[in-house]
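I'll drop the sequence and a predicted model, then ask my questions.
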Amino acid sequence: MVQQRAITDAIKTFADVENRFNLRRTEDEQFFTEWYEDLPEISDVEKESLDLIRRRYLYHLTDGNLTEGTVTLLMGSPLLEKAGFYDPPFKMRGEASVEIVLDEDDEDAETLRGRIDVLVVQNRFWVALLESKRTTISVMSALPQTLAYMMANPNPEQAVFGMVTNGNGIIFVKLSRQGTPQYDVSDTFSPAPLRNRLYDVLRILKHIGQVVTEG
């Protein structure tokens, strides 16, 4: 009999997602070069816009933790817009339903279901936007469930990318299902330092957009 569970109940740690999907974090430094190699330059006008995004976010953060909707308005949506993800050839969908069947031929097969409170671009770029209070320790804590959702990508022959942010931190992840499924993550980028790390984020977003389009 197939058991049905919500992804949020079944996947809480890296051990959960790695064991259920036979997923491993790679030790190959060349696996995820998209977040630090061949990044495009950004203009002074774009830097000014990113400075404004940073100032607005830090201003609203002074009153305490921000809701998911506020993080989306202040950080997620402006960054995606600046990177061109709202324009052709990209297509987006939000809060997508996913279903993942584990051990399909086994009598104890398990189906994981959930809705993704994210934006999905071309089925290859998954953007998770979180309430800041959910990841006050580390935005990394949201990665296991994000990886589980990314495993539902309908095109297993292509690598998929993700961005997870609660505003306080932004990380990128790459997942490949070729052979043994594997993944790796980027540095964590924060808007807090005076040196605006959103410059790096926009450059990475533009590069991933190019990879997704050409792939």
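Everything's here; your move.

please count neighbours and contacts with C-alpha atoms only from this point.
Noted.

contacts for stretch 206-215?
34-35, 38-40, 83-85, 89-90, 122, 124-125, 158, 161 (C-alpha atoms under 8 Å, 6 or more residues apart in numbering).

off-centre distance for it?
15 Å (C-alpha atoms, centre = their mean, to the nearest Å).

make 399 the first number, not 1, from now on.
Noted, 399 is the first residue going forward, which turns the last one into stretch 604-613.

tell me the buried residues within the contacts of stretch 604-613.
432-433, 437, 481, 483, 520, 522-523, 556, 559 (16 or more other C-alpha atoms under 10 Å).

which of the residues in whichever strand or helix holds residue 416 are buried?
In the assignment (DSSP states H and E), residue 416 maps to helix 412-419. Using 16+ other C-alpha under 10 Å as the test for burial, helix 412-419 gives 412, 414-416, 419.

report the beta-bridge partners for the residue nearest the centre of the chain.
In the chain, the centroid-proximal residue (C-alpha atoms, centre = their mean) is residue 561; its distance is 2.4 Å. Counting by DSSP bridges, residue 561 is bridged to residue 525, residue 570.

contacting residues for it?
Residue 561 makes contact with 523-526, 568-571, according to C-alpha under 8 Å, 6+ apart.

tell me which of the residues you listed is nearest to residue 470?
residue 526 (9.6 Å; C-alpha to C-alpha).

stretch 564-584: how far from the chain's middle?
Distance, centroid of stretch 564-584 to centroid of chain: 7 Å (C-alpha atoms, centre = their mean).

re the thing from before, pick out the most distant pair among the contacts of residue 561.
523 and 568 (14.5 Å).

who wins on neighbours among the contacts of residue 561?
In terms of neighbours by other C-alpha atoms under 10 Å, those top out with residue 524 at 28 neighbours.

dump the residue contacts of residue 581.
Counted by C-alpha under 8 Å, 6+ apart, residue 581 has contacts 421-424, 571-574.

how far away is it from residue 609?
17 Å (C-alpha to C-alpha, to the nearest Å).

what's around residue 427, how many residues?
By other C-alpha under 10 Å, 8 other residues sit near residue 427.
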